[in-house]
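Visitor: Need coordinates for the following:
(chains A, B, C and D)
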There are 4 protein chains.
Amino acid sequence: MPPTHDTGEPGATVGPRQPAASRRDPHWRTAITHVERDRILVRGYPVDEMMGRLSFGEAVYLLLVGELPSAAIGKLMEALLVSSVDHSVTPPSTLAARCVATTGAPLRASVAAGVLAFGRYHGGDIESCMRCLEAGVTMVRGGMSHEEAAERLVADYRARHEPVPGFGHRIHAHDPRAARIFQMALELDLDGEHTHMVRATERALNRDRVDGPIPINVDGAIAAVCSDIGLDAAVGNALFIISRVPGLIAHAYEEQERERRMRQIDVSNAIYDGPSERRLPETRRER
Amino acid sequence: MPPTHDTGEPGATVGPRQPAASRRDPHWRTAITHVERDRILVRGYPVDEMMGRLSFGEAVYLLLVGELPSAAIGKLMEALLVSSVDHSVTPPSTLAARCVATTGAPLRASVAAGVLAFGRYHGGDIESCMRCLEAGVTMVRGGMSHEEAAERLVADYRARHEPVPGFGHRIHAHDPRAARIFQMALELDLDGEHTHMVRATERALNRDRVDGPIPINVDGAIAAVCSDIGLDAAVGNALFIISRVPGLIAHAYEEQERERRMRQIDVSNAIYDGPSERRLPETRRER
Amino acid sequence: MPPTHDTGEPGATVGPRQPAASRRDPHWRTAITHVERDRILVRGYPVDEMMGRLSFGEAVYLLLVGELPSAAIGKLMEALLVSSVDHSVTPPSTLAARCVATTGAPLRASVAAGVLAFGRYHGGDIESCMRCLEAGVTMVRGGMSHEEAAERLVADYRARHEPVPGFGHRIHAHDPRAARIFQMALELDLDGEHTHMVRATERALNRDRVDGPIPINVDGAIAAVCSDIGLDAAVGNALFIISRVPGLIAHAYEEQERERRMRQIDVSNAIYDGPSERRLPETRRER
Amino acid sequence: MPPTHDTGEPGATVGPRQPAASRRDPHWRTAITHVERDRILVRGYPVDEMMGRLSFGEAVYLLLVGELPSAAIGKLMEALLVSSVDHSVTPPSTLAARCVATTGAPLRASVAAGVLAFGRYHGGDIESCMRCLEAGVTMVRGGMSHEEAAERLVADYRARHEPVPGFGHRIHAHDPRAARIFQMALELDLDGEHTHMVRATERALNRDRVDGPIPINVDGAIAAVCSDIGLDAAVGNALFIISRVPGLIAHAYEEQERERRMRQIDVSNAIYDGPSERRLPETRRER
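Guide: Next comes the predicted model:
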């Protein structure tokens, strides 16, 4: 069946995955959530039971993977979601969200515009980094050492004049988020072969490099641990998207609360006037 | 090139909140996040310290309110984010996300389309419900009883032939999510006057009603507790948006994994084939 | 039945317009386009016959109104679509589209983000201006003079401390697009009572105004003539959206062709380096 | 605050096209539109002069290419924009737009969601088809015959198990839009080597094919003539996006006018109840 344009008729374009049956049977299947009167089951679990007993990060894992994560993976999921919650006004996605907010649009429009700015060079890196690491791990399983596989990966990207996904940051020499992710993965005993692969790739990338090292960035760290805890590369960008939405909302809200309408937003003129650095309290008030 | 925009008299560009100074001073201010080399401070807290020590719900509260929540509010925030994580293929937002996914678009495009479907009648209800409850609470502070204020609110909506926001659900007679939210708010000692107000409104709405009660829905429950824990109505829709993004991603991912491309998606033909009802385990495996 | 959240079940929310029948009959109706094998009828006309015989503006009118426009209205439609085709890099919508483009996202993502920035204060004014003018015309039909109706409208907006939609522009004292639209409407003998109403409103708005007149802007001109040629206020923003999409695309394309990826876009640093002012040739080369 | 972004090594921010200078010079350049008080120049032409003298299709060409089209190209541009103006409720993009509309969202949100559904398999085909045809034309310039080049192209796609972009349609055996586009290009003497290439590709694709021919679809026809009239493949999808926006708006508007809110939209239950087939009048009424 040839590809087609402009129609959603059954069989419009028959992708590789289509079960033969579905040409006749009008029904299709979903395994995510079952809803009936006064009952909502997410992957089989009553959502009202999940509330208060599962963290949001555990619920996200359940949705994306289909089963509950271990306690350790749950802790890591929450940390990953916290890691990218905001990065100030400088990413194009934040500016896009503020540009929409200044026109008097609702929050959801700002969020949608910001999410659309998670392009190939911004957040979109995670999926490609996961695929890169998986390629390396496959070579290792084929008998190569991590060093050999890493050299091969780096050589391939250099041959294509493409940057290796998950490495380098314009501001951060040692991205504090990446460091913390690897530290937690280690403490939680969750660092697996993709983490080893990204480390080997970092060494290969920086061996005999003259003008300063190219460090692993937060995308690379998230990619490595996501592969190690069993997330599919196809949802690799999911955690970054989910994590950043609150930041987009905070900026859209601040834009509408603090600034005049229809202003021209020049990011280079932004000044931070929030709280100066502070430590998290050892204990938190109960109420 | 001079700054310009496509519409509006001076009043349109110069909003009420604009500080007189800002006409001269090109700088503008943001109090959300400070970023410098190897340092990211969210509301003053190093993001790498937040990772592993704050839940995602606590980080969201910090972003939206500016300060850390109490332990109790943090627990409630996580529960609220879990409550609306998915509602199967029935909402228009989920169908919109799947329609985008079947065309071969990336996850972020499906998420954006889904978020755009959180219109006035779908998720958008939370903000209007918060404003409604705030109006009621203001009347109470002015000396009315909760009952009188609720009667007034309901009368006003009926006079305008508008439904009271936060009430009624096509499928659920007793929304399990709403019930659980109120139960948790009570247990955590977080139920305040907006919760009392929504309860009074429910009684007023259903008094001398013949054709079956109109129950509080999950929007109404989220609205009441969000007001009680200090969230601004202007970000009232934020929790629903953040909560549902993982569901949109799960459906976009499933669509691309299980179905053929460019199909015509008829929701009435969807069959749930996921796990049947199961209980959360008492204890979770560590690793 | 009250409104509901989170579900798309039949009857989820029963709007005022729902025909009683539709509760039983699963079918629903569309009057826009009929498609069958090798045949596409738009409002009854074969699309391949329309090609080359209808202008795009005439096709847009046919889609939105349901019938063919007169030759004069067709000419005006094309002019209206040309009027707002671009306004340089300064509108927030253009910046939003460029912010998405710089992240390596596809054209459609830039277009979507730009369209989302057509908020209440940017393009969204047309619909509200149409409703304002219709209110005025209704008063005139009720016996008031245009002057009295205009005074009433202006007084109402002032009482609500709201700007009158369709008036004022940060840059343009005499918007050349608005002037040309009114001139064409006059030449084409298409200026009707809404055009008279907007004129009267301009006089009322500027009478005894000290600090400079507030001119009609392009939104106000489009609103007036759209009402006069029979477009519904509910699609009032349609022409601006359609008209500006090519501009959004041109900017997204230029951004990706001329600039480095992931740049921080400061509009105040933009310099125009295109062709200097030139006249349209009297005659055009045939091929 | 330093400029930053969330991902990418230095290479990610510093693209190949960046002029060395721009690291120091904060200014950047745009050649599309110049705006100053009471003056708007699009590619150098006063927009108010363009109104009434340029068709929308000519203005779109001017924006995308930078110069005025010939009279013939202008006629073809209008026809291309009319060709894809709507395709009923069957495409996923139309359903996505309606799903957003049924939630009470504004037109622009429906348009954005619909545009996001112009994914790789829906409209996105045009750019890939243009690149495919350009590859073929390059081979021809290198000395191959059109037949040889076409055989090579088809063989390459078959080897990659990918459909050839621009061919095949689920509903249409002979897409009336494609036929009309080729007829007009011929009549206007605008059919060039890309048109010859797509024809040769069609022959190669269908030679010794048993189960029915795979016809050129409207994407393929638009792709061929767009290349022949000098549009860049990078804006190949632009015409389809611009052309379909009015259709998305018409469906969002009809959804909100005719249907109940928050309904579950099953496309297989849609019935066309618009005008039956009619011919365009030979002459049009003037007013």
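
Visitor: Check what pLDDT the residue lying farthest from the centre of chain A gets.
Guide: Relative to the centre of chain A, the most outlying C-alpha is that of residue A:24, 37.8 Å out, by CA atoms, centre = their mean. Residue A:24 is assigned a pLDDT of 70 by the prediction.

Visitor: now swap in residue A:44 and tell me
Guide: pLDDT recorded at residue A:44 is 98.

Visitor: ditto for the one 3 residues further on
Guide: pLDDT recorded at residue A:47 is 98.

Visitor: in terms of contact, does it touch residue B:175 like I think?
Guide: No. Applying CB atoms under 8 Å, one finds residue A:47 not in contact with residue B:175, separated by 10.3 Å. Backbone N, C-alpha and C define where each C-beta goes, glycine included.

Visitor: ok, the residue most central in space within chain A - contacts?
Guide: The centre of chain A sits closest to residue A:240, judged by CA atoms, centre = their mean, with a distance of 2.7 Å. Contacts here follow CB atoms under 8 Å, 6 or more residues apart in numbering or on different chains; on that basis residue A:240 touches A:84, A:118, A:123, A:126, A:219, A:222.

Visitor: and stretch A:80-98, how far apart are its ends?
Guide: Using CA to CA, to the nearest Å, one end of stretch A:80-98 lies 25 Å from the other.

Visitor: Report how many residues lie close to residue A:203.
Guide: 14 (other CB atoms under 10 Å in any protein chain shown).

Visitor: again, but for residue A:250
Guide: Residues lying near residue A:250 (other CB under 10 Å) number 28.

Visitor: can you check the one 4 residues further on too?
Guide: Burial of residue A:254, expressed as a neighbour count using other CB under 10 Å, amounts to 21.

Visitor: next helix or strand past the strand or helix carrying it?
Guide: Element membership for residue A:254 (DSSP states H and E) is helix A:238-258. Going down the chain from helix A:238-258, the next helix or strand is strand A:270-272, by DSSP H and E.

Visitor: close to chain B, is that next one?
Guide: Yes. Strand A:270-272 is in contact with chain B by CB under 8 Å from any CB of the partner chain, via A:270, A:271, A:272.

Visitor: Could you report the neighbour count for the residue nearest to residue A:97 when sequence neighbours are not counted?
Guide: Counting by CB to CB, 6 or more residues apart in numbering or on different chains, the nearest residue to residue A:97 once its immediate chain neighbours are dropped is residue A:114, at 3.6 Å. Counted with other CB under 10 Å, the neighbours of residue A:114 add up to 36.

Visitor: again, but for the one 3 residues further on
Guide: Other residues lying near residue A:117 total 32 when counted by other CB under 10 Å.

Visitor: Kindly report the same for residue A:274.
Guide: What residue A:274 shows, counting by other CB under 10 Å, is a neighbour count of 17.

Visitor: Can you tell me how far the closest residue to it other than its chain neighbours is from residue A:250?
Guide: Spatial nearest neighbour of residue A:274, excluding adjacent residues (CB to CB, 6+ apart): residue B:31 at 3.4 Å. Residue B:31 is 10 Å from residue A:250, where distance means CB to CB, to the nearest Å.

Visitor: do the strand or helix carrying residue A:63 and chain B meet?
Guide: Using DSSP H and E, residue A:63 sits in helix A:56-65. Yes. Using CB under 8 Å from any CB, helix A:56-65 reaches chain B at A:56, A:57, A:59, A:60, A:63, A:64.

Visitor: The third one contacts residue B:80, correct?
Guide: No. Between residue A:59 and residue B:80 no contact is recorded; they are 11.6 Å apart, counting by CB under 8 Å.

Visitor: Specify the local secondary structure of the nearest residue to residue A:229 once chain neighbours are set aside.
Guide: Sequence neighbours aside, residue A:73 is the residue nearest to residue A:229 in space, at 5.0 Å (criterion: CB to CB, 6+ apart). Assigned by DSSP: H, G, I helix; E, B strand; the rest coil, the conformation of residue A:73 is helix.
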